[in-house]
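Visitor: here you go, sequence then predicted model.
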Amino acid sequence: MTTSSRPIVIVGGGFAGTTLARRLERRLPAGHEVVLISEESYTTFNPMLAEVVGAAVFPEHVVAPIRQMLRTSRFVMGRVVDVDWQRRVVVAGTLAGRREIEFAHLVFAFGSRANLELVPGLAEHALPLKLIGDAMFIRNRVLQRVARIELERDEAVRRRLGHFVVIGGGFSGVEVAGQLADFLRSVRRWYPRVGARELRVSVLEGADRLLLEMPEPLGQVALASLRQRGIDVRLRARAARIDADGVVLDSGEAIEGATVVCTIGTKPNPLVAQLGLELQRGRIVTRGDLSLPGRPGAWAIGDCALVRNGAASDATTPGAYAPPTAQFAVAEANQLADNIVAHLGGRPTRAFAHTSKGMMATTGHLKGVAQLLGVGLTGLPAWLLWRAYYLLQMPTLGRKLRIWVEWTWAMCFAADITHLRFTRTHEADADGAAAASAPAGIAARIPS
Ligand SMILES: Cc1cc2nc3c(=O)[nH]c(=O)nc-3n(C[C@H](O)[C@H](O)[C@H](O)COP(=O)(O)OP(=O)(O)OC[C@H]3O[C@@H](n4cnc5c(N)ncnc54)[C@H](O)[C@@H]3O)c2cc1C
């Protein structure tokens, strides 16, 4: 294969990678192929993970199958583990074993990972929220906790089981706390032996206000919305340690809670260490046009890339680094598609510049805050805007319609409290035997 007949290879099928592939499909001249490699078969709409935690939407509603998003591009499900820059091949682990894929252009869009080392005890005792599996796990854990409270006699154990602590008061922390509070309130009627006061949600935020990403007035609205529903929001409260009993703050205060959800901190994807690229803060350093210094034909976008924004955006000045958000990942992908097409046509590329059109966050079921084109919205209008935006992002008309019908349905009826166990036939008897041999009585500690 000569270099010119090699494909444009994209690593990562998240917001950045899929947007880039779709735009390239529409803009590339004939004769160019796009190959998208991603470790999962779907792309996850991360901003909606909190709604999965609160059972406001089904998990299937926040993912979209990559193959259905693409028209002409080739999709390879696999994890890229290395790049041979000399031979210009990407090395990926796939279902069929190790595969090498040649490239003419290579785009890194593989995002970041949750950082479980940020606070001592976080990895062992807290539940991160980064992947769809995390969201489903937390939802199940919440239902398990409520079911367990019903069976406990010890008041102290019941109190600890019923306290859900969310670390982080940014977008995801506010959204998870709001969703959890609404979810707990709506499920309680099926657990008559659990009192309303036994279920509590707290948010711990190190700064002096919520939603630092948004203008202060919207942070205040979010704070009022959470507190109105009985959520204990602690500002200037930094977690110093997490253990099986809860969170210890840096002030020394211990907050008892059996379920700690962590929404803070990301770390670089381990792949960056393999690539031999210039890094800053664990992100791939890019030039203004999103290309990589010293690596012809290589580019990076999204959360894994450190990108300067040529435009002023919200609180940031021109030339500041683009924030790691879905909106910027999509804007960078659109700009890069144009730059790759320009490069292939021998035309000059353009530096990345994007002015944020707005920001949105939900603060619970049917509640939200948004700022769009400088206009602030709160409550139901903000929530509807949020839902409409993500519905429009879903691929295929059939999927959009199905999700719209199911969302509308869910707005009128109670949340689903099924706690699905993934027990298979050959494990069922072992599960029963374990339950029968479990010691009776009350455990002082709560196993996670
Ligand atoms: C809970 C949560 C809530 C959020 N809320 C908001 C919000 O409200 N608004 C907002 O703008 N942003 C929000 N974000 C941030 C937003 O989701 C990210 O900025 C965005 O997803 C970045 O897009 P990306 O394509 O760079 O990375 P991702 O979307 O993370 O995609 C990376 C992709 O690369 C794949 N991948 C990783 N490693 C490899 C490998 N070695 N080989 C192959 N494939 C690989 C992954 O499987 C994934 O599909 C939120 C994030 C989280 C976790």
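Guide: Noted; the coordinates are in hand. Numbers count the residues shown, from 1 in each chain.

Visitor: buried residues in stretch 373-382, which are they?
Guide: For stretch 373-382, the neighbour count (16 or more other C-beta atoms under 10 Å) marks Leu377, Thr378, Ala382 as buried. Where you see a C-beta, it was placed from the backbone N, CA and C, and this is true even at glycine.

Visitor: also stretch 272-292?
Guide: Val272, Leu275, Leu277, Arg283, Ile284, Val285, Thr286, Asp289, Leu290, Ser291, Leu292.

Visitor: and the stretch 301-448 of the chain, which residues reach the ligand?
Guide: For the stretch 301-448 of the chain, the contact set with the ligand under C-beta under 6 Å from any ligand atom comprises Gly302, Asp303, Pro324, Thr325, Ala326, Gln327, Ala329, Ala361.

Visitor: am I right that the last one falls within a strand?
Guide: Going back to what we said before, that points to Ala361. Yes - membership of Ala361 in a strand is supported by DSSP: H, G, I helix; E, B strand; the rest coil.

Visitor: bridging across strands, which residues link to it?
Guide: Legend: beta-bridge partners of Ala361 under DSSP bridges are Val369.

Visitor: hang on, it packs against Ala177?
Guide: No - the pair Ala361 / Ala177 is not scored as a contact, 11.1 Å apart, by C-beta atoms under 8 Å.

Visitor: and those two? Which one has more around it.
Guide: Ala177 (33 against 28; other C-beta atoms under 10 Å).

Visitor: that one and Gly230 touch, don't they?
Guide: No - with contact defined as C-beta under 8 Å, Ala177 does not reach Gly230; the gap is 10.9 Å.

Visitor: before we move on, back to that, can you redo the residues of the stretch 301-448 of the chain next to the ligand as TSV with secondary structure, distance to Arg113 and pLDDT?
Guide: Output for those, formatted as TSV (DSSP: H, G, I helix; E, B strand; the rest coil; distance: C-beta to C-beta, whole Å; pLDDT from 0 to 100):
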residue	secondary structure	distance to Arg113	pLDDT
Gly302	helix	13	98
Asp303	helix	10	97
Pro324	coil	12	91
Thr325	coil	17	90
Ala326	helix	16	91
Gln327	helix	21	90
Ala329	helix	15	96
Ala361	strand	22	88
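
Visitor: once you drop chain neighbours, what's closest to whichever residue of the stretch 301-448 of the chain sits closest to the ligand?
Guide: Closest contact between the stretch 301-448 of the chain and the ligand, by C-beta to the nearest ligand atom, is at Gly302 (2.2 Å). Distances taken as C-beta to C-beta, 6 or more residues apart in numbering place Ala16 nearest to Gly302, at 3.1 Å, with adjacent residues excluded.

Visitor: how many other residues sit next to the one you found?
Guide: When neighbours are defined as other C-beta under 10 Å, Ala16 has 31 of them.

Visitor: need the phi and psi values for it.
Guide: The phi/psi pair for Ala16 (degrees, to the nearest 10) reads phi -70, psi -50.

Visitor: that one: what's it in contact with?
Guide: Ala16 is in contact with Ala109, Gly111, Ile301, Gly302, Asp303, Ala329, Val330, Glu332, Ala333, counting by C-beta atoms under 8 Å, 6 or more residues apart in numbering.

Visitor: now, of the residues you listed, which are buried?
Guide: Looks like the contacts of Ala16 have Ala109, Gly111, Ile301, Gly302, Asp303, Ala329, Val330, Glu332, Ala333 buried, using 16+ other C-beta under 10 Å.

Visitor: residue contacts, the spatially closest residue to Gly282 that is not a sequence neighbour?
Guide: Excluding the flanking residues, the one nearest Gly282 by C-beta to C-beta, 6+ apart is Pro268, at 3.4 Å. Neighbouring residues of Pro268 by C-beta under 8 Å, 6+ apart: Ser112, Arg113, Leu279, Gly282, Arg283, Cys304.

Visitor: and the residue positioned nearest the centre of the chain, how far from Val261?
Guide: Taking C-alpha atoms, centre = their mean, the centroid of the chain lies closest to Asn46, which sits 3.2 Å from it. In this view, Asn46 and Val261 are 15 Å apart by C-beta to C-beta, to the nearest Å.

Visitor: show me what contacts Leu49?
Guide: Val62, Leu129, Lys130, Ile132, Asp134, Ala135, Ser172.

Visitor: so where do the helices sit in the stretch 151-300 of the chain?
Guide: 155-161, 171-187, 216-228 (DSSP state H, counting those that start in this stretch).

Visitor: nearest to the ligand, of those helices?
Guide: Using C-beta to the nearest ligand atom, the helices of the stretch 151-300 of the chain put helix 171-187 closest to the ligand, at 3.8 Å.

Visitor: elements contacting that closest one?
Guide: helix 49-53, helix 132-151, strand 163-167, strand 200-204, helix 216-228, strand 358-364 (3 or more C-beta pairs under 8 Å, 6 or more residues apart in numbering; DSSP states H and E).

Visitor: out of those, which gets nearest to Asp245?
Guide: Proximity to Asp245 (C-beta to C-beta) singles out strand 163-167 among those, at 10.3 Å.

Visitor: so the closest one, near the ligand or not?
Guide: No - applying C-beta under 6 Å from any ligand atom, one finds strand 163-167 separated from the ligand by no less than 11.5 Å.

Visitor: quick one: residues in contact with that strand.
Guide: The contact list for strand 163-167, computed with C-beta under 8 Å, 6+ apart, reads 119, 126, 142, 145, 173, 176-177, 180, 184, 199-204, 239, 242, 246-247, 255-264.

Visitor: residues contacting the residue in the stretch 1-150 of the chain that the ligand sits nearest to?
Guide: Nearest to the ligand in the stretch 1-150 of the chain, going by C-beta to the nearest ligand atom, is Gly14, at a distance of 1.9 Å. Under the criterion of C-beta under 8 Å, 6+ apart, the contact list for Gly14 reads Ser38, Thr43, Thr44, Ala109, Phe110, Gly111, Gly302, Asp303, Ala329.

Visitor: among those residues, which one lies nearest to Gln68?
Guide: Checking these one by one against Gln68 (C-beta to C-beta), the nearest turns out to be Thr43, at 10.2 Å.

Visitor: can I assume that closest one sits in a strand?
Guide: Yes - the assignment for Thr43 is a strand, going by three-state DSSP.

Visitor: check the gap between it and Met411 for me.
Guide: Taking C-beta to C-beta, one finds Thr43 at 25 Å from Met411.

Visitor: between these two, which has more neighbouring residues?
Guide: Thr43 (24 against 11).
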